[in-house]
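Chemist: everything below, folded, please.
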Amino acid sequence: MISAAHNVWVLGNGFLGSRLAEACRRLGARVLCIDATTPAEVHGDAADETVLRAAACQVAPTLIFCCLSTRGQMERYEHTYLHPLRLLQRMFPTAEIVFCSSLSAGWGSSPSADILRQAEQLVLQRGGRVARLAALYGPGRCELLRRHLAGEPCLFGEDTRLLHYLHVEDAVQALLLLCSAPPGTCAEVVGETFTKGNIYACLAAWTGVPVARENASPSRRGGAALPEGAACCPVPGWKPRHFFRAFVQQEVQQ
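Modeler: You can find the predicted model right below:
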C-alpha cells in the first residue's frame, strides 16, 4: 500500500487523477500532478521530456500513475499514451508504473484499442501494472445520465448489449490496491454491468424521463464490453462500494 515512503506522480489531474492524487496524499505520500489542460503542480505535456525533467527536479518519482485522457480526440491516442510511457521508462527505469487503460483494450477492435494494447504491453513487459477501467461516473459527471435527461438518442447497439460502469471513488480504491498486486498484473475493474435495455428502463423509472426512441451512431472508440461469460481478472481484495441506482437518485434530487 502507498505510504510516506512513496514519491508519487499522477499524470492527468482530471476527473480520476485529481481524486487519486488526494487519496495518495491522505496516505502520506509526496504527490506531484502533471497536466497540460487542468491546474496541476506541473503544467505541461507529459509527452514532453523537458516537462518531465522539470517535474523530477521537484519530486523524483518512485511510483507513477498514468491517468491521461485524450478527451475524445482519437488522433491523439499515440501521443497521449505511448509517447509518455516510452519517456518514463527511459528516464525513470526504477519507478513503478500503473497505467489506467480501458476495457476496450481487452475486447475492442478499433485503432484506439490497438494503441491502448500497445501501451499496456510497454508497461507489463517492464513489471508495471495495468487497470482496464469500465466507464467512469461520479459527482457531476455521468454521460449516460446526461444523455438520458437531455432526451438524446440512446447508446448504439441492441438492448442486449452489455454496459459496464464504475464509480470514480471505487476506481481510486482499485488503483491503490493494484499497487500491492504482483508485478505484471493486468486487472479489469468493473463496478456494475447492465444490459442496454435494462439500464434505460431503470433510468426511465428512476428519473421519470422516457427512453428516447432513436439510437446513436457507433462510437469511433469501438466496443468496450466484456463478452458475456468472459473471465474477468479483478484487483485482489477490491469490491465496489458505490452503486449506480443510488448515484442516479441522488443526482436527480439535487
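
Chemist: kindly list the longest helix within the chain.
Modeler: helix 111-124 (DSSP state H).

Chemist: so how far is that helix off the chain centroid?
Modeler: Centroid displacement of helix 111-124 relative to its chain, using C-alpha atoms, centre = their mean, to the nearest Å, is 14 Å.

Chemist: any weak-confidence spans in the stretch 51-200 of the chain?
Modeler: Applying pLDDT under 70 to the stretch 51-200 of the chain flags residues 72, 108.

Chemist: sorry, back to before: strand partners (parallel or antiparallel) of the helix or strand just after the longest helix of the chain?
Modeler: Toward the C-terminus, helix 111-124 is succeeded by strand 129-133 as the next helix or strand (DSSP states H and E). Counting by DSSP bridges, the strands paired with strand 129-133 are strand 96-102 (parallel), strand 186-189 (parallel).

Chemist: elements contacting the longest helix of the chain?
Modeler: With contacts taken as 3 or more C-beta pairs under 8 Å, 6 or more residues apart in numbering; DSSP states H and E, helix 111-124 sits against helix 77, helix 83-91, strand 96-102, helix 104-107, strand 129-133. (C-beta placed from N, C-alpha, C; glycine too.)

Chemist: next, the buried residues of that helix.
Modeler: Within helix 111-124, the residues that qualify as buried are 112, 113, 114, 115, 116, 117, 119, 120, 122, 123, 124, counting by 16 or more other C-beta atoms under 10 Å.

Chemist: next one: stretch 24-31
Modeler: Residues of stretch 24-31 classed as buried by neighbour count (16+ other C-beta under 10 Å): 24, 29, 30, 31.

Chemist: pull the residues that contact that stretch.
Modeler: 1-10, 21, 59, 63, 176 (C-beta atoms under 8 Å, 6 or more residues apart in numbering).

Chemist: from these, which would you call buried?
Modeler: Applying 16+ other C-beta under 10 Å to the contacts of stretch 24-31 flags 2, 6, 7, 8, 9, 10, 21, 59, 63, 176 as buried.

Chemist: put together a markdown table for these, with distance to residue 200 and secondary structure on each row.
Modeler: Output for those, formatted as a markdown table (distance: C-beta to C-beta, whole Å; DSSP: H, G, I helix; E, B strand; the rest coil):
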| residue | distance to residue 200 | secondary structure |
| --- | --- | --- |
| 2 | 39 | coil |
| 6 | 43 | coil |
| 7 | 45 | strand |
| 8 | 39 | strand |
| 9 | 40 | strand |
| 10 | 35 | strand |
| 21 | 34 | helix |
| 59 | 45 | coil |
| 63 | 40 | strand |
| 176 | 33 | helix |
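
Chemist: determine which two of those residues are furthest apart.
Modeler: 59 and 176 (18.6 Å; C-beta to C-beta).

Chemist: quick one, helices of the stretch 101-250 of the chain?
Modeler: 104-107, 111-124, 143-149, 168-178, 196-207, 244-253 (DSSP state H, counting those that start in this stretch).

Chemist: for the last one, packing partners?
Modeler: Taking 3+ C-beta pairs under 8 Å, 6+ apart as the contact definition, the neighbouring helices and strands of helix 244-253 are strand 162-167, helix 196-207.

Chemist: repeat the analysis, applying 6 Å as the threshold.
Modeler: Judged by 3 or more C-beta pairs under 6 Å, 6 or more residues apart in numbering; DSSP states H and E, helix 244-253 is in contact with helix 196-207.

Chemist: residues in contact with the helix it packs on?
Modeler: Residues outside helix 196-207 that contact it (C-beta atoms under 6 Å, 6 or more residues apart in numbering) are 148, 157, 159, 161, 163, 210, 211, 248, 249, 252.

Chemist: does the fifth one touch residue 193 like I think?
Modeler: Same thing as residue 163. No. Residue 163 lies out of contact with residue 193 (C-beta atoms under 6 Å); the separation is 7.1 Å.

Chemist: returning to what we had before: residue 216 is nearest to which of the strands paired with strand 129-133?
Modeler: Across the strands paired with strand 129-133, residue 216 has its closest neighbour in strand 96-102 (18.7 Å, C-beta to C-beta).

Chemist: alright, calling it a day.
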